[in-house]
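> Show me how the following folds:
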Amino acid sequence: MTSTSAQPAPTTYGQLFSIPEFRVLFANRCLVMISVAASSLALGTIMYETTGSALLSALSMFGGPLVSLVVSQLFLGLSDTLRPRTGLMLQMAGPLVANTLQAVPGMPWQARFALLAIPYAVNAMLAGTQWVVLRDIMSGESYALGRSTLNLAVGGMQVVGYGLGGVALLWLSPQMLFVVAAIVNLLSLLTMRFGIKDRSAPGRTSEGVVARTRRINRLLLGSRITRPLYLAGWVPNGLIVGCEALFVPYGHGALAGYLFAAGAAGMMIGDLGAGRFLTIHQRDRLIGPLRYLLAAPFLVFWLSPPAPVAVCAVLLASVGYAASLPLQERLITHTTDDIQGQALGLQGQGMMIGQAMGAGIGGAIATHVSPGHAMGLLAVASLLVTIGLTPGIRRSAPASPAR
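All right, here's what the predicted structure looks like:
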């Protein structure tokens, strides 16, 4: 990896936020999550009021990542072949157009589903663009600090956004909530236009974008080095999200809320600790322990533990999501600058798809056994996958000083 940074590598939050472009990226992530929360609540409410179907309402709120499954296989190469600022602006323009049209009253629910696909399709094409910019303004040890801080923004603003959106629905119609989301999208687009420097495309080529996307995806997923890194971030995580998808049937009310809150808190603790207080080498050595930690605490759900034990188990397990930071650092190490947008975008899109599939698997299992036993089965499956991938993960480990 040969990218460089014009800024000294930050090691504290004060130094990190002294970088103007990082402040823009952070503010943008906060705005994006507010928009996502507001538009999701509005669409889910309209869909349920229109159709009376809980399934369609749930799909309208959480089914969007399935669009990425197709689009990312054809157009993800745009993350490297478009100028990064242009790509970021297009990512903001997609939801702006969709939410503006969603605000039109009386639209058929089928059309609303079609509009839902627009931002997810655009994001699937350009999923790696923000990481290309982050990589350019960060370097070495500081990259994980920057990425973990953006993760904290996402987690924190999800709580704030859904909370504010729920309160706003007491006074505003769902259509007006879409208007609010569109205004936030416009602000996001303007922050990208005027806050991010224009850069050349790192992977500009005469090759067609579909051919390039498929070629590089085959290269990344066919490699004995990078394929285990992808699978380690997709499959075990997705199975544990399947556990989280069963919090509501397991918790029967208030306990489900506590479990979701514990999961969010655990993820934030993991990102904060790994990104801020560990060196790149310390994070790398913790890939294995963090991956086991992600699943092992969920085994207690076999025993239907008391509520405090269940909450503590979820809190502890969710710290294990921090393994995604060193896994991404290894991907950067083993890929060149001209394909890193696609490489990192593929990791993110695969995680979203894996989580959606894990939730479906969890729901299917829970139709035959109790939610607690289903969570235990998913945890066992996650651990077995993690064990099976360990030899492959070792192939990407940094060489020892003796070698």
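> for this structure, what helix or strand is lowest in average pLDDT?
Confidence across the helices and strands of the chain bottoms out at helix 54-62, with a mean of 60, counting by mean pLDDT, DSSP states H and E.
> Assign a three-state SS to Ala274, would you?
Local secondary structure at Ala274 is given as helix here, using DSSP: H, G, I helix; E, B strand; the rest coil.
> one step back: moving C-terminal of the least confident helix or strand of the chain, what's the next helix or strand?
From helix 54-62 onward toward the C-terminus, using DSSP states H and E, the following helix or strand is helix 65-75.
> That following helix - contacts with which helices or strands?
In terms of contacts (3 or more C-beta pairs under 8 Å, 6 or more residues apart in numbering; DSSP states H and E), helix 65-75 is packed against helix 109-125, helix 209-222, helix 340-365. To be clear about C-beta, it is placed using only N, CA and C from the backbone, and glycine gets the same treatment.
> contact partners of that helix?
For helix 65-75, the surrounding residues in contact (C-beta atoms under 8 Å, 6 or more residues apart in numbering) are 117, 120-121, 123-125, 127, 209-210, 213-214, 217, 345-346, 349, 352-353, 355-356.
> Narrow those to just the buried residues.
The neighbour count (16 or more other C-beta atoms under 10 Å) marks 117, 120-121, 123-125, 127, 209, 213, 217, 345-346, 349, 352-353, 355-356 as buried among the contacts of helix 65-75.
> quick one: the one helix or strand Ala262 maps to to chain centroid distance?
If you go by DSSP H and E, Ala262 is part of helix 254-277. On the basis of C-alpha atoms, centre = their mean, to the nearest Å, the separation between the geometric centre of helix 254-277 and that of its chain is 15 Å.
> Give the buried residues for it.
Burial within helix 254-277, assessed by neighbour count using 16+ other C-beta under 10 Å, is assigned to 258-260, 262-272, 274-276.
> Can you name the next helix or strand after it?
By DSSP H and E, the next helix or strand past helix 254-277 is helix 280-285.
> Taking helix 109-125 as reference, get the angle to the lengthiest helix in the chain.
Identified as the longest helix of the chain according to DSSP state H is helix 20-51. Between the axis of helix 20-51 and that of helix 109-125 there is an angle of 160 degrees, by axes from the mean of the first three to the mean of the last three C-alpha atoms, to 10 degrees.
> Give the buried residues for helix 20-51.
By neighbour count on 16+ other C-beta under 10 Å, the buried set for helix 20-51 is 21-22, 24-26, 28-48.
> State the mean pLDDT of that helix.
Per-residue confidence for helix 20-51 averages out to 86 on the pLDDT scale.
> who does that helix touch, helix- and strand-wise?
Packed against helix 20-51, as judged by 3+ C-beta pairs under 8 Å, 6+ apart, are the following elements: helix 54-62, helix 84-102, helix 109-125, helix 129-137, helix 141-168, helix 174-195.
> circling back to that earlier point, which elements pack onto the helix holding Ala262?
Using 3+ C-beta pairs under 8 Å, 6+ apart as the contact test, the elements touching helix 254-277 are helix 141-168, helix 226-244, helix 247-251, helix 307-318, helix 324-333.
> any chance of those helices in CSV, plus distance to Gln91?
Rendered in CSV, the data for the helices and strands packed on helix 254-277 read as follows (distance: least, C-beta to C-beta, whole Å):
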stretch, distance to Gln91
helix 141-168, 14
helix 226-244, 21
helix 247-251, 30
helix 307-318, 27
helix 324-333, 19
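> from the ones you listed, which stretch is densest packed?
Highest mean neighbour count among the helices and strands packed on helix 254-277 (mean count of other C-beta atoms under 10 Å): helix 226-244, with a mean of 24.
> Once you drop chain neighbours, what's closest to Ser304?
Ranked by C-beta to C-beta, 6 or more residues apart in numbering and with sequence neighbours excluded, the top spatial neighbour of Ser304 is Gly372, at 5.1 Å.
> count of residues packed around the one you found?
21 (other C-beta atoms under 10 Å).
> Just the pLDDT for it.
What the model reports as pLDDT for Gly372 is 93.
> one step back: and the angle for the helix holding Ala262 with helix 226-244?
150 degrees.
> any idea of the angle helix 254-277 forms with helix 307-318?
An angle of 30 degrees separates the directions of helix 254-277 and helix 307-318 when computed by the same axes, to 10 degrees.
> which residues touch helix 254-277?
The set of residues external to helix 254-277 that reach it, using C-beta under 8 Å, 6+ apart, is 13, 144-149, 151-152, 155-156, 158-159, 244, 247-248, 250-251, 283, 286, 290, 307, 310-312, 314-322, 325-326.
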